[in-house]
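# Below is the sequence, then the predicted model.
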Amino acid sequence: MLRVGSSLIGYDVEASDGDAGSVHDILFDDITWKIRWLVIDTGGWLDGRRVLIHPSALGPLNLESSTLQINLTRLAIAEAPGILLDRPVSLQQEKSLYDYYDWDPAWGGSYFGQGTMVSDLEPVMFFDRDTVRGAAGIGFHLDDGDPHLRSLSDVKGYHVHAKDGDIGHVQDVLLDDAKWLILYVIIDTSNWWIGQHVLISPYAVTHIECPDRKIRVDTTMAKIRSSPPWKPEDMIDAAYQAHLHHHYNWSDY
């Protein structure tokens, strides 16, 4: 089911044996657009410590109680490697978590794969002793921040640029809560098209420029203006998705 990404922030997190805290943020891979980690604020039981939980450990969402189940015990979470709150998540921290929980760094795959976004870097997949290597063998030191890890809380508000001008800013994302994959970026176009929102697939994203807080998409303002209308209160069904993808000539999901 598709969900607005930020709606999950604040959900209570239940371990297999009790309360584990709440969802603080969502971290995604800007190449595959997979959700890579949920940042969990453990609250009082671990003195406010924050931990990263991999999507493969997630259980069902309970919409009525705003609760997310995870297939881990409180003890396993308590003994897991932590993260530094004032620094980007390092490759070493991620490697430690993959090793500790025996999680697969390449878990899940995606509809988008490599090459969706034009980048000088490769997706991180293969861990060596002191480095992490992408699919093309490009190496990054384990002490470096993960070059493809993006915070949903941070990306909200990024300006979005079409080929011929600024079209608005990122309001949120729509993610598939079964595959834990971002399928659409919700763009508020109030900068130039008052009161309108549009959905852009990661297929269209060419660059994310973090220092300048910009996302560039491979389409024109006119193409966006003529796209199928969408309102935040609308449900997205298969017919709407097919219409949207046909309009932009995107591959189907």
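Structure's in. What do you need? Every value quoted in this text rests on a predicted model; they were computed, and no experiment measured them. Residues are numbered from 1 along each chain as shown.

# Let me see the ranges of the helices in the chain.
74-79, 91-101, 152-155, 221-225, 238-248 (DSSP state H).

# can you tell me the average pLDDT over the first one?
Spelled out, that is helix 74-79. Mean pLDDT, helix 74-79: 94.

# tell me which residues of that helix are tucked away?
Neighbour-count burial for helix 74-79, counted by 16 or more other Cβ atoms under 10 Å, picks out 74, 76-77. Placement of C-beta: from N, CA and C, glycine included.

# Could you name the helices and strands sitting against that helix?
With contacts defined as 3 or more Cβ pairs under 8 Å, 6 or more residues apart in numbering; DSSP states H and E, helix 74-79 has these neighbours: strand 18-29.

# Enumerate the sheet neighbours of the strand it packs on, specifying parallel or antiparallel for every one.
Paired strands of strand 18-29, with direction, are strand 12-15 (antiparallel), strand 35-41 (antiparallel), strand 149-151 (antiparallel) (DSSP bridges).

# Which residues lie in contact with the residue nearest to Trp107 when sequence neighbours are not counted in this structure?
Setting aside the residues directly before and after it, Trp107 is nearest to Ser56 in space (Cβ to Cβ, 6 or more residues apart in numbering), at 5.2 Å. By Cβ atoms under 8 Å, 6 or more residues apart in numbering, the residues touching Ser56 are 103-104, 107-108.

# Can you list phi and psi of Trp107 for me?
When read as degrees, to the nearest 10, the backbone of Trp107 gives phi -50, psi 140.

# so it makes contact with His54?
Yes - because the distance of 7.0 Å satisfies Cβ atoms under 8 Å, Trp107 is recorded as touching His54.

# Show me which of those two is the more surrounded one.
His54 (22 against 13; other Cβ atoms under 10 Å).

# count of neighbours near the residue lying closest to that one once chain neighbours are set aside?
Leaving out its chain neighbours, the residue that sits closest to His54 by Cβ to Cβ, 6+ apart is Trp103, at 4.7 Å. If you count neighbours by other Cβ under 10 Å, Trp103 ends up with 15.

# And Trp103, how far from Arg36?
11 Å (Cβ to Cβ, to the nearest Å).

# Overlap in contacts, these two.
Joint contacts of Trp103 and Arg36 (Cβ under 8 Å, 6+ apart) are His54.

# Point to the helix or strand of this structure where mean pLDDT is at its lowest.
strand 124-127 (a mean of 43; mean pLDDT, DSSP states H and E).

# give me the low-pLDDT residue ranges for the protein?
Within the chain, the stretches with pLDDT under 70 are 84-87, 113-145.

# can you list the domain ranges for it.
Listed by automatic domain parsing, the domain ranges of the chain are 2-150, 156-248.

# distance of Met235 from Leu27?
Look at Met235 and Leu27: by Cβ to Cβ, they are 27 Å apart.

# which of these two has more neighbours?
Leu27 (19 against 6).

# isn't His54 right up against Tyr100?
No - assessed by Cβ under 8 Å, His54 is found out of contact with Tyr100, at 10.5 Å.

# ok now do the residue nearest the centre of the chain, which residues does it touch?
Here the mean C-alpha position of the chain is nearest to the C-alpha of Phe28 (Cα atoms, centre = their mean), at a distance of 2.8 Å. Counting by Cβ under 8 Å, 6+ apart, Phe28 touches 34-36, 149-150, 152, 182.

# Surely Gln196 is in contact with Thr189?
Yes - between Gln196 and Thr189 there is a contact under Cβ under 8 Å: 4.8 Å.

# Need the residues touching each of the two.
Overlap of the contact sets of Gln196 and Thr189 (by Cβ under 8 Å, 6+ apart) is empty.

# I figured His197 hits Leu174, correct?
No - using Cβ under 8 Å, His197 is not in contact with Leu174; the gap is 11.1 Å.

# quick revisit: format the contacts of Ser56 as JSON lines; extra columns: distance to Gln93.
Putting these into JSON lines (distance: Cβ to Cβ, whole Å) gives the following:
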{"residue": "Trp103", "distance to Gln93": "13"}
{"residue": "Asp104", "distance to Gln93": "17"}
{"residue": "Trp107", "distance to Gln93": "17"}
{"residue": "Gly108", "distance to Gln93": "20"}
